[in-house]
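Engineer: Quick check, what structure comes out for this input:
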Amino acid sequence: EMNIHLVYVCPVVNWPQFEPATRRFVSTFKQFPPEFPHTLHVVCNGGKPNAMVADLFAGLNPVFHEHDNGGWDIGAYRKVAGEVDADFMLFLNAHSHFRQAGWLRRLAAGAEQFGPGLYGPSASFDIAPHIRTTAFMCRPQLVRDWTGSLSQPDDRHYFEVGRQSITSLAGRQNMPCVLVTWEGFYPQPDWRKPANIFRRGDQSNCLIYDRHHEIYEASTPAQKDRLGRIADGDKWSYYHSAVRGKLNRWLNRKTSLCIHI
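Structural biologist: Residues are numbered from 1 along each chain as shown. Below is the predicted model of the structure:
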């Protein structure tokens, strides 16, 4: 049977900030189990697992790792990929959570059908085609093969998107990059075709959720339309949103300075 290891990032360096997300991960993991044999690894970023973390995960029998938080979540992924061998690893960031049982079973079914490759429960054409790295599954060797820098916060973005991304690396190695949903398996040309995927409809076709799914759900119909077009690869919508975001941040800084003065 396929040997799958799960890698979950638990930031203890800012535990009060991330505690709610971690608790949700554990509670939804128990409520909606993966339904496929696995080993769970919990990477404590920024320190040792505190007593609360150890107690929280006790029922899941995880293997704990301590990481210095270098490279943030991607650094944690690389640490475990470099230390543990497996047929596949599913990498999950701190905000990952579940709404239906059997999510790992579906990802395993995709890997069994297509073989070594890059698999994700959500994909986007935002900036460039990519499997979103909030949750993705591949052989650990693929993560080991990624040699990009992680010295700056923006480097995590390049791990996900662009010519140096993990998706681009998988493509150069002639691996399939597959979107896995409850209803099917989709190669890159078809990533944005299914209903109710990331930033489309009610997103119920997604296996795993994160904070960007929630941002979409909390948006107005007009905002949802814009976010969906960005995910579909609409460059004008992306640049319009980026410029507006920078302008809003600049205005907020100006307002803050005026208040302090």
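Engineer: And the pLDDT at Arg249?
Structural biologist: Looking at Arg249, its pLDDT reads 55.
Engineer: And for Trp191?
Structural biologist: So, for Trp191, pLDDT stands at 97.
Engineer: Quick one: residues contacting the most centrally placed residue in the chain.
Structural biologist: In the chain, the C-alpha nearest the mean C-alpha coordinate belongs to Thr134, at 0.8 Å (C-alpha atoms, centre = their mean). Contacts for Thr134 (C-beta atoms under 8 Å, 6 or more residues apart in numbering) come out as Leu92, Asn93, His95, Ser96, Ser122, Ile208, Asp210, His212. Glycine gets a C-beta too; all of them are placed from N, C-alpha and C.
Engineer: Next one: it from Pro49, what distance?
Structural biologist: Applying C-beta to C-beta, to the nearest Å, the value for Thr134 to Pro49 is 22 Å.
Engineer: where along the stretch 101-250 of the chain do the strands fall?
Structural biologist: 118-120, 123-124, 130-131, 135-138, 177-180, 185-186 (DSSP state E, counting those that start in this stretch).
Engineer: In the stretch 101-250 of the chain, where is pLDDT below threshold?
Structural biologist: For the stretch 101-250 of the chain, applying pLDDT under 70 flags the ranges 235-250.
Engineer: coming back round to it: so which of the strands of the stretch 101-250 of the chain gets nearest Arg192?
Structural biologist: strand 123-124 (7.6 Å; C-beta to C-beta).
Engineer: Run the chain-centre distance for that closest one.
Structural biologist: 11 Å (C-alpha atoms, centre = their mean, to the nearest Å).
Engineer: where do the helices sit along the stretch 151-261 of the chain?
Structural biologist: Ranges of helices in the stretch 151-261 of the chain, per DSSP state H, counting those that start in this stretch, are 155-160, 166-172, 211-217, 221-231, 235-260.
Engineer: Quick check: buried residues in the shortest one?
Structural biologist: By that I understand helix 155-160. Asp155, Arg156, Tyr158, Phe159, Glu160 (16 or more other C-beta atoms under 10 Å).
Engineer: which of the residues you listed lies closest to Gln31?
Structural biologist: Glu160 (28.0 Å).
Engineer: quick one: the residue nearest to the centre of the chain from Asn196, how far?
Structural biologist: 18 Å.
Engineer: residues touching Ala123, list them.
Structural biologist: By C-beta under 8 Å, 6+ apart, the neighbours of Ala123 are Pro129, His130, Ile131, Arg132, Cys177, Leu179, Tyr186, Gln188, Trp191, Arg192, Ile197, Phe198.
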